[in-house]
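K.L.:
Test case, fold it:
(one chain, ligands or ions: 1)
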Amino acid sequence: MILFVRDSLESVVGVPEIVGYIFSFLFGAVIGSFLNVVIHRVPNEESIVFPNSACPKCGSGIKAYDNIPILSWLALRGKCRNCKEPISPRYPAVEFLTALLYLAVYWQIGFGGFLPIALVFVSTILALIFIDSEHMILPNVITYPLLGFAVLVRVIFPSFFAGMYISDLNSWPISQFNGLHPIIQSVLGALLGALVGGGFLWAVGELWKRLRGVEAMGLGDVKMMAAVGALLGWRLTLLSTFLGAFSGALVGVVMIARQKDRDLQTQIPFGIFLGIGSIVALIFGDRLIAWYLTTFIQY
Ligand SMILES: [Zn+2]
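P.N.:
As a prediction, the model looks like this:
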């Protein structure tokens, strides 16, 4: 079992480690602010660059000093400066959540080459989670580029997946191809991961469709998990799917139990839970698997 070494900001550039934590939190809040724009505009097929943000009620443009992540919403007490219309707490919530996740990613992954990759992954999944919760869709304009990004990273940085950050290439069955060029091995790992991530969900959806005659799983979930699989490899993707199914089922049972007419066909945006599972798997996955194997299987 290989556990990677975490490079701290202190060990790499000699700046106190606390600076890394503060910076990742602040950077996360700023990116969260951009994710709000993505979450709000992509499902409506609007540009994420133009025009500048405006109040949905009165249309007045939002000034730079009213656009400071988290703080502006608090200073304005959640109301538009111009018309006093309430601003959804979703905006500061997304910013705060992104900031916390950036902090968690930095804490676990450290100041190394995988850091920007992990941050792009987490940000994209976050956008998908919030779009799915609001619109029940996972747009192709986000899932396809995520898949492309994953394959690109696999090709350029095979060593990241050979135990440096993710131990996909050292694990069965990809470890069987150790004789091949690392890039080919890395791409094989991506392919297997995409097949496991997308294929598993697709099979569950097909089975459900045959048994109950209803569409249970959108193809968006399949595409998202294929992209997750391409980056994280089959082990962490199975973990993501397991975490997603488990948490989704728990919430589903509670939701159905609280309903009056016990309609079992309640639609639950499953992408939310798969997304949460993927983020947990990226940040803690290899450690979770190592802990599970040593605790329960005496590996
Ligand atoms: Zn307004």
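K.L.:
what is the mean pLDDT for stretch 224-236?
P.N.:
For stretch 224-236, mean pLDDT rounds to 97.
K.L.:
Got phi/psi on the nearest residue to Thr98 once chain neighbours are set aside?
P.N.:
Leaving aside its chain neighbours, Thr98 sits nearest to Gly32 (3.1 Å; criterion: CB to CB, 6 or more residues apart in numbering). Every C-beta, even on glycine, is put in place using the N, C-alpha and C of the backbone. In terms of degrees, to the nearest 10, the main-chain angles of Gly32 are phi -60, psi -40.
K.L.:
Likewise for Met136?
P.N.:
Note on Met136: backbone dihedrals following degrees, to the nearest 10 are phi 60, psi 30.
K.L.:
ditto for Asp168
P.N.:
Note on Asp168: its backbone torsions stand at phi -80, psi -40 [degrees, to the nearest 10].
K.L.:
now do the one 4 residues further on
P.N.:
Taking degrees, to the nearest 10, you get phi -60, psi 140 for the backbone angles of Trp172.
K.L.:
ok, now Ala54?
P.N.:
phi -140, psi 160.
K.L.:
Please look at Glu85 and Lys79 and confirm they touch.
P.N.:
Yes - the pair Glu85 and Lys79 qualifies as a contact (CB atoms under 8 Å) at a distance of 6.7 Å.
K.L.:
Which helix or strand contains the closest residue to Tyr65 other than its chain neighbours?
P.N.:
Of all residues not flanking Tyr65 in the chain, Ser72 sits nearest, at 7.4 Å (CB to CB, 6+ apart). Element membership for Ser72 (DSSP states H and E) is helix 71-75.
K.L.:
do the same with His40
P.N.:
If you go by DSSP H and E, His40 is part of helix 17-41.
K.L.:
Show the model's pLDDT score for Leu264.
P.N.:
At Leu264, the model reports a pLDDT of 53.
K.L.:
Kindly format the C-alpha coordinates of stretch 183-201 as PDB.
P.N.:
Below are the C-alpha coordinates for stretch 183-201, written out as PDB (Å, rounded to 0.1, in the frame of the first residue of the first chain):
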ATOM      1  CA  ILE A 183       1.000   6.800 -20.700                       C
ATOM      2  CA  ILE A 184      -0.700   3.800 -22.300                       C
ATOM      3  CA  GLN A 185      -1.100   2.200 -18.800                       C
ATOM      4  CA  SER A 186      -2.600   5.500 -17.500                       C
ATOM      5  CA  VAL A 187      -5.100   5.700 -20.400                       C
ATOM      6  CA  LEU A 188      -6.000   2.100 -19.800                       C
ATOM      7  CA  GLY A 189      -6.800   3.000 -16.200                       C
ATOM      8  CA  ALA A 190      -8.900   5.900 -17.400                       C
ATOM      9  CA  LEU A 191     -10.800   3.600 -19.800                       C
ATOM     10  CA  LEU A 192     -11.500   1.000 -17.200                       C
ATOM     11  CA  GLY A 193     -12.500   3.700 -14.700                       C
ATOM     12  CA  ALA A 194     -14.900   5.300 -17.200                       C
ATOM     13  CA  LEU A 195     -16.400   1.900 -18.100                       C
ATOM     14  CA  VAL A 196     -16.900   1.000 -14.400                       C
ATOM     15  CA  GLY A 197     -18.300   4.400 -13.500                       C
ATOM     16  CA  GLY A 198     -20.600   4.900 -16.500                       C
ATOM     17  CA  GLY A 199     -21.300   1.200 -17.200                       C
ATOM     18  CA  PHE A 200     -22.400   0.300 -13.600                       C
ATOM     19  CA  LEU A 201     -24.900   3.200 -13.500                       C
END
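K.L.:
Fine by me, we can end here.
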